[in-house]
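A.B. asks: build the 3D model from these lines:
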Amino acid sequence: MSVVPAQAVSGASPDTGPGRDDEPAAPLAPRARLLPALAAVYRAQLSRARVARIPLLFVATFQSVGIMIMMRGVVDGGAEARSVVAGASVLVVAFVALNLLAQYFGQLRAGGGLDHYATLPVPPAAVVLGAAAAYASFTVPGALVTALAGGALFQLPMAHLWVLVAVIPLSGAALSGLGAALGLLAPRQEIATLCGQLGMSAALLLGVLPPGGMPLVVGWARDLLPSTYGVEALTRSYAARPDWLAVGADLGICAAVGVLSLAVATWAYRRAAVR
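C.D. replies: The predicted structure follows:
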């Protein structure tokens, strides 16, 4: 008894079928849109970093409050006290958004984690912005506690402390973009960690110390630091009658620097992901 081939029953040609070279490839899934992908990355990063980063946030807050207590013996009040409190508050943002994010992306690149994100239909900007937003979100309680503690320590007026609502995300965006770029561009994980710590030290020295009497070169370096303009805006808000035009200008510069630094970080992510 002869066996009838299956192709004869189905009417298909023996040259066609699954696995043949002439079969058209299945279309790939469309890439996710930026905002939904950004929200997904943000939630994932927030839940992942919640347990590991909260103890470090306490360290950052304790560090900033301790610096203000030490400066209390040197600075009595006035413009210098406002500068110290504002710089210490933004230092919490620098510790998390700049230092820790540089370490995270350096570790991600060294451990092959970028390959995982490269396989997902997620825009590169969503990965960078989602991680930056998640890390910056951890700075809100610490920066607020530092600002309140500093205002009480130096007896500063805190009626306009709501400016911190704009200073935290704008400074966080600028510093997060810088931290992500440092972590992605560093050739080794150790160098990324070193760059993050040096950046935080720069935010400490150039942001917390009163700018009056600094050498001209140090003043130029301070102008190049992204967090400087957030510090200046918060410093002006502690005045009895803030110069709102200057506050708005400082926040505008901080926002522009944030957009630029996040764009550089996105470019650095694309550059690192294709290697």
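A.B. asks: strands of the protein, start to end?
C.D. replies: Counting by DSSP state E, the chain has no strands at all.
A.B. asks: can you pull up the most central residue in it?
C.D. replies: By CA atoms, centre = their mean, the chain has its centre lying nearest to residue 176, at 2.1 Å.
A.B. asks: who's in contact with the closest residue in space to it that isn't next to it in sequence?
C.D. replies: Setting aside the residues directly before and after it, residue 176 is nearest to residue 132 in space (CB to CB, 6 or more residues apart in numbering), at 3.4 Å. In short, each C-beta sits where N, CA and C put it, glycine included. By CB atoms under 8 Å, 6 or more residues apart in numbering, the residues touching residue 132 are 97, 101, 172, 173, 176, 177, 179, 180, 262, 265.
A.B. asks: biggest separation within those, which pair?
C.D. replies: By the measure CB to CB, 172 and 265 form the most distant pair in these, at 12.9 Å.
A.B. asks: have a look at the two and say which one is more surrounded.
C.D. replies: Taking other CB atoms under 10 Å, residue 172 and residue 265 do not tie; residue 172 has more neighbours (32 against 28).
A.B. asks: doesn't residue 189 make contact with residue 104?
C.D. replies: No. Counting by CB atoms under 8 Å, residue 104 does not reach residue 189; the two are 10.3 Å apart.
A.B. asks: so for these two, which sits in the more crowded spot?
C.D. replies: residue 104 (23 against 17).
A.B. asks: and that one, how close does it get to residue 259?
C.D. replies: 21 Å (CB to CB, to the nearest Å).
A.B. asks: ditto for residue 171
C.D. replies: Note on residue 171: its distance to residue 259, by CB to CB, is 13 Å.
A.B. asks: ok, the two, which is more surrounded?
C.D. replies: Taking neighbours as other CB under 10 Å, residue 171 and residue 259 compare with residue 171 leading, 36 against 13.
A.B. asks: and the helices in the stretch 151-275 of the chain, which stretches?
C.D. replies: Under the criterion DSSP state H, counting those that start in this stretch, the stretch 151-275 of the chain carries helices at the ranges 164-185, 189-208, 216-224, 228-237, 244-273.
A.B. asks: buried residues in the third one?
C.D. replies: For helix 216-224, burial by neighbour count (16 or more other CB atoms under 10 Å) applies to residue 222.
A.B. asks: so what touches it?
C.D. replies: Contacts of helix 216-224 (CB under 8 Å, 6+ apart): 202, 206, 207, 211, 214, 228.
A.B. asks: drop anything exposed from those residues.
C.D. replies: Looks like these have 202, 206, 207, 211, 228 buried, using 16+ other CB under 10 Å.
A.B. asks: report the contact partners of the third one.
C.D. replies: For residue 207, the set of contacting residues under the criterion of CB under 8 Å, 6+ apart consists of 86, 87, 90, 91, 94, 222, 225, 227, 228, 231.
A.B. asks: quick one, what contacts the residue nearest to it when sequence neighbours are not counted?
C.D. replies: Among residues not flanking residue 207 along the chain, residue 87 sits closest, at 3.8 Å (CB to CB, 6+ apart). Residues near residue 87 by CB under 8 Å, 6+ apart: 203, 204, 207, 208, 209, 231, 235.
A.B. asks: the first one against residue 91, yeah?
C.D. replies: Pointing back at residue 203 there. Yes. Counting by CB under 8 Å, residue 203 does reach residue 91; the two are 5.7 Å apart.
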